[in-house]
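S.K.: With the input below, show me the fold.
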Amino acid sequence: MLFLAFIFWIFTEKDTVTLIEKESETSLERQIQPEKVAATTYLGGLTDEVKPLEKTVRIQATDNHDAEFRGTKFIGDRQNNYTIELFRTNKEDVIKDFLRRQNSRDGFFYIRLSSEDIPEQYVLLYGDFVNQFSADSALGKLEIGLPASVKPTVQTFKNYMADVNDLGAEEMGLNNALYAVKLTPAPIPKPAIITEPVTPSATLNVETPTTTTTVTRKDQQGNIVDIQTSQTKPLAPSNTSQSTNTP
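M.R.: Numbering: from 1, shown residues only. Alright, predicted model coming up:
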């Protein structure tokens with residue numbers, strides 16, 4: 001009985017097997033092969049349109065920089081020296097306004113940082129020191145009126161070398177000496193009054209009218225025997241004031 005039950009269980013518990021048709025590898029290769037060919041056709045097609053960045057080409061910005069602006073040449077010549085980084089800003093006008101408020105601009109210079117890793121920003125630096133000890137000493141004595149939230153730090157020029165790609169003001173001819181013009185009040189001179197010389201009035205020569213009298217004497221025959229001529233002048237008018245004061 002047990003044997004018959006075992007045989008009956010085998011026939012009733014048989015799993016149904018479903019055949020799955022497997023695609024051959026050759027058919028798969030036929031489907032993706034055209035894509036491979038299409039990709040290789042345009043491989044490297046953008047190299048002529050988008051050229052790789054060449055760090056040997058330096059940028060000359062069209063903005064108006066101050067005489068303290070520096071570029072790659074300045075940083076490269078001092079990459080082993082130290083400087084004091086005062087602050088950073090994304091607006092160049094902030095640094096320009098700060099420099100205008102200084103009594104002396106000696107020792108100040110600023111650079112522009114621009115790369116793929118950091119956004120464009122301007123860095124104000126102070127001093128050029130041969131070692132870190134000199135830079136630390138200058139930092140302790142530095143008094144330029146920075147806000148308490150701004151903390152200057154000592155840096156090496158080498159730290160900025162990879163992110164600076166500009167022409168400095170000394171290379172563009174912008175580092176001309178600055179002269180301070182001091183204006184003092186001065187009195188305005190009064191305009192000179194030129195007087196023309198007064199010419200004396202010409203004396204009026206008023207001729208006093210005269211009366212000429214001619215007397216002709218004739219004889220009995222009518223011949224002229226004598227001619228007498230006489231002139232008389234009218235009397236000058238008497239002075240009224242003198243006549244009034246005269247008793």
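S.K.: C-alpha from now on. contacts and neighbour counts both.
M.R.: Noted.
S.K.: can you map out the strands along this structure?
M.R.: Per DSSP state E, the chain carries strands over the ranges 82-89, 108-113, 121-129, 153-156, 211-218, 224-232.
S.K.: Tell me which of those sits most buried.
M.R.: strand 108-113 (a mean of 22; mean count of other C-alpha atoms under 10 Å).
S.K.: Return the list of helices and strands in contact with that one.
M.R.: Here strand 108-113 touches strand 121-129, going by 3 or more C-alpha pairs under 8 Å, 6 or more residues apart in numbering; DSSP states H and E.
S.K.: among the helices and strands of this protein, which has the poorest mean pLDDT?
M.R.: Ranked by mean pLDDT, DSSP states H and E, the weakest helix or strand in the chain is helix 240-245, scoring a mean of 46.
S.K.: ok, so what distance separates residue 143 from residue 114?
M.R.: Remark: distance between residue 143 and residue 114 (C-alpha to C-alpha, to the nearest Å) = 29 Å.
S.K.: Now for the nearest residue to residue 214 once chain neighbours are set aside: which residues touch it?
M.R.: Sequence neighbours aside, residue 229 is the residue nearest to residue 214 in space, at 4.2 Å (criterion: C-alpha to C-alpha, 6 or more residues apart in numbering). Listed by C-alpha atoms under 8 Å, 6 or more residues apart in numbering, the contact partners of residue 229 are 212, 213, 214, 215.
S.K.: Which one of residue 143 and residue 114 is surrounded by more residues?
M.R.: Taking neighbours as other C-alpha atoms under 10 Å, residue 143 and residue 114 compare with residue 114 leading, 16 against 8.
S.K.: That one contacts residue 160, correct?
M.R.: No. Counting by C-alpha atoms under 8 Å, residue 114 does not reach residue 160; the two are 10.0 Å apart.
S.K.: Tell me where the model's unsure across this structure.
M.R.: Within the chain, the stretches with pLDDT under 70 are 1-2, 6, 10-63, 173-180, 195-209, 222-225, 233-247.
S.K.: now with 80?
M.R.: Within the chain, the stretches with pLDDT under 80 are 1-63, 117, 170-182, 189-247.
S.K.: my guess is residue 227 meets residue 217, correct?
M.R.: Yes. Using C-alpha under 8 Å, residue 227 is in contact with residue 217, at 6.2 Å.
S.K.: so what's residue 69 bridging to?
M.R.: residue 110 (DSSP bridges).
S.K.: mind listing what it touches?
M.R.: By C-alpha under 8 Å, 6+ apart, the contact set of residue 69 is 109, 110, 111, 168, 169.
S.K.: for residue 78, same thing?
M.R.: Contacts here follow C-alpha under 8 Å, 6+ apart; on that basis residue 78 touches 157, 158.
S.K.: give me that answer again for 10 Å
M.R.: Applying C-alpha atoms under 10 Å, 6 or more residues apart in numbering, we find residue 78 in contact with 72, 128, 129, 130, 156, 157, 158, 161.
S.K.: which among those residues gets closest to residue 138?
M.R.: residue 129 (9.1 Å; C-alpha to C-alpha).
S.K.: Distance check, the closest one against residue 103.
M.R.: 22 Å.
S.K.: Using PDB, write out every CA atom in stretch 140-158.
M.R.: Provided in PDB are the C-alpha atoms of stretch 140-158 (Å, rounded to 0.1, in the frame of the first residue of the first chain):
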ATOM      1  CA  GLY A 140      50.500  92.000  14.600                       C
ATOM      2  CA  LYS A 141      51.300  95.700  13.900                       C
ATOM      3  CA  LEU A 142      48.700  96.200  11.200                       C
ATOM      4  CA  GLU A 143      46.300  99.000  11.800                       C
ATOM      5  CA  ILE A 144      44.100  99.800   8.800                       C
ATOM      6  CA  GLY A 145      40.600 100.000  10.400                       C
ATOM      7  CA  LEU A 146      39.100  96.700   9.300                       C
ATOM      8  CA  PRO A 147      35.800  95.600  10.900                       C
ATOM      9  CA  ALA A 148      36.100  93.200  13.800                       C
ATOM     10  CA  SER A 149      34.500  90.400  11.700                       C
ATOM     11  CA  VAL A 150      37.300  90.500   9.100                       C
ATOM     12  CA  LYS A 151      40.300  88.500  10.100                       C
ATOM     13  CA  PRO A 152      43.400  88.900   8.000                       C
ATOM     14  CA  THR A 153      45.600  85.900   7.500                       C
ATOM     15  CA  VAL A 154      49.200  85.200   6.300                       C
ATOM     16  CA  GLN A 155      49.300  83.400   3.000                       C
ATOM     17  CA  THR A 156      52.000  82.500   0.400                       C
ATOM     18  CA  PHE A 157      51.800  83.800  -3.100                       C
ATOM     19  CA  LYS A 158      51.900  80.200  -4.300                       C
END
